[in-house]
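Peer 1: Sharing a model that was predicted from the sequence below.
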Amino acid sequence: MGWNDFSLPAIGERHDNEDGTSRQEELSRCEPGEGVRLVREPENEHDHMAVAIISCRGVKVGYLKRDRAVWIGSKIDRGYDVRAIVERVKGSHLPGAVLGLVMRVNLEGEHPELILPSVRIP
């Protein structure tokens, strides 16, 4: 596992959801290694190729960028077992910062591996 994993950033994390939930608040709860679901939204009024990112608590935290949504959405539509986890939440170490999501994704039905930062020992 891990050889076919790749990192992928989200977009749209600043916006609140249609139901009033805050993507920023939900991102503040996300931890590295938690699962996220990539869900096609063919009825999305802004983009019929949209792929939403849903936290393990069922809250939308953002979207895939359009070019990635077309590629990964087509895989989802064809039955690929796409899996994703939180790699990191950008800005989480800075009080008051706008948060962003980076995921680890695997398109082959394997659970993505979380890459731990290397530690340099002098």
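Peer 2: That came through, no problem. Numbers count the residues shown, from 1 in each chain.
Peer 1: For the chain, which segments count as helices?
Peer 2: Remark: helices assigned in the chain by DSSP state H are 23-29, 66-77.
Peer 1: between those, which gets nearest to residue 93?
Peer 2: Taking CB to CB, helix 23-29 is the member of the helices of the chain nearest to residue 93, at 11.7 Å. Backbone N, C-alpha and C define where each C-beta goes, glycine included.
Peer 1: which other helices and strands contact that closest one?
Peer 2: The contact analysis (3 or more CB pairs under 8 Å, 6 or more residues apart in numbering; DSSP states H and E) places helix 23-29 against strand 60-63.
Peer 1: before we move on, the earlier item: hey, which of the helices of the chain is tucked in deepest?
Peer 2: Mean neighbours per residue, mean count of other CB atoms under 10 Å, is largest over those for helix 23-29, with a mean of 17.
Peer 1: What are the contacting residues of it?
Peer 2: 12-17, 55, 57, 59-62, 89, 92, 98-101 (CB atoms under 8 Å, 6 or more residues apart in numbering).
Peer 1: Which of these are buried, as a ChimeraX select command?
Peer 2: Typed into ChimeraX, the line below selects the buried ones among those, using 16 or more other CB atoms under 10 Å:
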select :12,13,55,59,60,61,62,89,99,100,101
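Peer 1: The contacts of helix 23-29 in strands, which ones?
Peer 2: Using DSSP state E, the subset of those located in strands is 60, 61, 62, 89, 100, 101.
Peer 1: these two touch, right, residue 100 and residue 8?
Peer 2: No. Applying CB atoms under 8 Å, one finds residue 100 not in contact with residue 8, separated by 11.9 Å.
Peer 1: picking up where we left off before, Throw the helices of the chain into JSON lines and include distance to residue 108, thanks.
Peer 2: Output for these, formatted as JSON lines (distance: least, CB to CB, whole Å):
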{"stretch": "helix 23-29", "distance to residue 108": "27"}
{"stretch": "helix 66-77", "distance to residue 108": "10"}
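Peer 1: Would you mind telling me which of the ones you listed is nearest residue 36?
Peer 2: Nearest to residue 36, of the helices of the chain and by CB to CB, is helix 23-29 at 10.5 Å.
Peer 1: Nice, that's everything, thank you.
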